[in-house]
Each structure stands twice: as structure tokens, then as C-alpha cells.
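**Student:** this is a predicted model, with the sequence first.
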Amino acid sequence: DSGVTQTPKHLITATGQRVTLRCSPRSGDLSVYWYQQSLDQGLQFLIQYYNGEERAKGNILERFSAQQFPDLHSELNLSSLELGDSALYFCASSTDRGLYTGELFFGEGSRLTVL
Amino acid sequence: DQQVKQNSPSLSVQEGRISILNCDYTNSMFDYFLWYKKYPAEGPTFLISISSIKDKNEDGRFTVFLNKSAKHLSLHIVPSQPGDSAVYFCAASYDDVGGSQGNLIFGKGTKLSVKP
């Protein structure tokens, strides 16, 4: 158990819909990262937050948005869903040292299926 | 454009033997390399890392070798155990945003099967 909690574990929805994925980082970790793993793809970095502020952005679509709240939990919002958005979405957190070492603690992921 | 490549989707080895997982990269700006292990239905877990200023890092049964001139790194597991069966991801990063190395670029993974 990494200490990172993601909900829901599984989600099935239809094209055009909007969903919210939730992540609670490990206690004490200020950094939260979101990654997407599509079929046959490696993990793709989406976005990073540090203590409530956006710190870095990767290949995140404009239809997607995220935020980190004062209690440090984070949400990833996916809207106008398309079939290609079906993927495993991972949240990770890190200590401040992890910002420099790349050592991230990943949750178990939220599997999104768009029909 | 894949900056981190793991060309072997799968690898099968006998228990007790050496497992060698390979990874190639294209971006010479990378300064930190990591290996993550992933079991089914779990998130990836950090295994071992190496800074670009080193050519070897060892942690128990796991050793990572870095050849910067060839832009190649490898993970050696000796001796391999059935519990090592998992997908191994190679990852790389460089400092482009205020010191953050957490924006990792991952390969597609190699599935290791260790047979008893």
C-alpha cells in the first residue's frame, strides 16, 4: 500500500460525458502528479501540483483540468469524453526530496472506460 | 516521438538466473533515470534510480548501469526470483521546471516472467 488513495477504481461512462477522478496523497506529501496509461502506451505525464499551485504541465488535453485543494487532495476533471480517453489514470505523490529524485508513490489507478 | 524506449515487450528467465532489462533514450538532456516495477492491479512502485553523473548504482539484487555515450541503461536482477515477475518501466527526467524531476517520461514497459 503506497498510501496514495484514488477513487473511483473503475468508471464506465458514455461519450460526451464528464467525470471527476479523486486522489488523496500520502500524508505529508505536498506534490501530486497525474499520469495517463492508455492501451499499449507507457505512462504519460499530465500535470503536477505542489501545495495547491500548478507546477508543471505535460500532454494534458484542454478538455481535461485538475486542481489541488487546501487539504492537498486533488481532482482530475475529464469532460466531453471521447472513446480514446479510455485509459488507466494514475495519481502519484512525492516528498520534497522526490521532486529532485523522481521517486513517486503511485496510487492503484482509476480505470475509465468510455463507451 | 518516443524519448524512452524499451524494445523488448517481454522477457522470460529461469529462477536463480540473471534478468537483464534494457532501455534506450534519445534526449541527451536527461539527467536522472529510474526503474519502476508494476504488478497487476497495482500502481507502479519505485525500484532504483541513477543520476547521469554515475554509471552504476546497486541496491541488493538490483543494479542499474548507465552508458551515456550509447544513451542506454540496463537493469540487472541477480538472482531472479518468481516474485520479481512484473512489468518493469524505465523512466527518465530532466530539470526543466524549477528543480522538479517528477515529470517522468516512461517507456512502455517490459514484462518479466521468472519461472520456478
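**Tutor:** Thanks, I have it.

**Student:** quick check: phi and psi at residue A:85.
**Tutor:** phi -80, psi -10 (degrees, to the nearest 10).

**Student:** tell me if I'm right that it and residue A:112 touch.
**Tutor:** Yes - between residue A:85 and residue A:112 there is a contact under CB atoms under 8 Å: 6.6 Å. All C-beta atoms are positioned from the backbone trio N, CA, C, and that covers glycine.

**Student:** now do the shared contacts for the two.
**Tutor:** residue A:78 (CB atoms under 8 Å, 6 or more residues apart in numbering or on different chains).

**Student:** what kind of secondary structure is residue B:83 in?
**Tutor:** helix (DSSP: H, G, I helix; E, B strand; the rest coil).

**Student:** distance of it from residue B:36?
**Tutor:** 16 Å (CB to CB, to the nearest Å).

**Student:** neighbour count for those two, which is higher?
**Tutor:** For the pair residue B:83 and residue B:36, the greater number of neighbours falls to residue B:36 (26 against 9), based on other CB atoms under 10 Å in any protein chain shown.

**Student:** and that one, what does it touch?
**Tutor:** Going by CB under 8 Å, 6+ apart, the list of residues near residue B:36 reads A:106, B:44, B:45, B:46, B:47, B:88, B:89, B:91, B:106.

**Student:** out of those, who has the most neighbours?
**Tutor:** Most surrounded of these: other CB under 10 Å gives residue B:44, at 29 neighbours.

**Student:** skipping adjacent residues, who's closest to it in space?
**Tutor:** Nearest non-adjacent residue to residue B:44, counting by CB to CB, 6 or more residues apart in numbering or on different chains: residue B:36, 4.0 Å away.

**Student:** what's the answer for residue A:87, then?
**Tutor:** Using CB to CB, 6+ apart, the nearest residue to residue A:87 is residue A:38, at 4.4 Å.

**Student:** likewise for residue A:30?
**Tutor:** Nearest one to residue A:30, counting by CB to CB, 6+ apart, is residue A:51 at 4.5 Å.

**Student:** touching, the one you found and residue A:72? I think so.
**Tutor:** Yes - using CB under 8 Å, residue A:51 is in contact with residue A:72, at 7.5 Å.

**Student:** so which residues of chain A form strands?
**Tutor:** A:5-7, A:10-13, A:19-24, A:31-37, A:43-50, A:53-57, A:64-68, A:74-78, A:87-94, A:105-106, A:110-114 (DSSP state E).

**Student:** give me every residue that touches residue 59.
**Tutor:** I'll assume chain A. By CB under 8 Å, 6+ apart, the contact set of residue A:59 is A:44, A:45, A:46.

**Student:** think we crossed wires, I meant chain B
**Tutor:** Per CB under 8 Å, 6+ apart, neighbours of residue B:59: residue B:48.

**Student:** for it, give its distance to residue A:42.
**Tutor:** For residue B:59, the distance to residue A:42 - CB to CB - is 23 Å.

**Student:** per-residue pLDDT, residue A:109?
**Tutor:** According to the prediction, residue A:109 has pLDDT 97.

**Student:** list the contacts of it.
**Tutor:** A:6, A:9, A:37, A:88, A:89, A:90, B:43.

**Student:** those residues into CSV, with extra columns for pLDDT, neighbour count and distance to residue A:19?
**Tutor:** As requested, these are exported to CSV (pLDDT from 0 to 100; neighbours: other CB atoms under 10 Å in any protein chain shown; distance: CB to CB, whole Å):
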residue, pLDDT, neighbour count, distance to residue A:19
A:6, 98, 21, 13
A:9, 96, 11, 13
A:37, 94, 22, 16
A:88, 96, 17, 14
A:89, 97, 25, 10
A:90, 97, 26, 15
B:43, 95, 23, 19
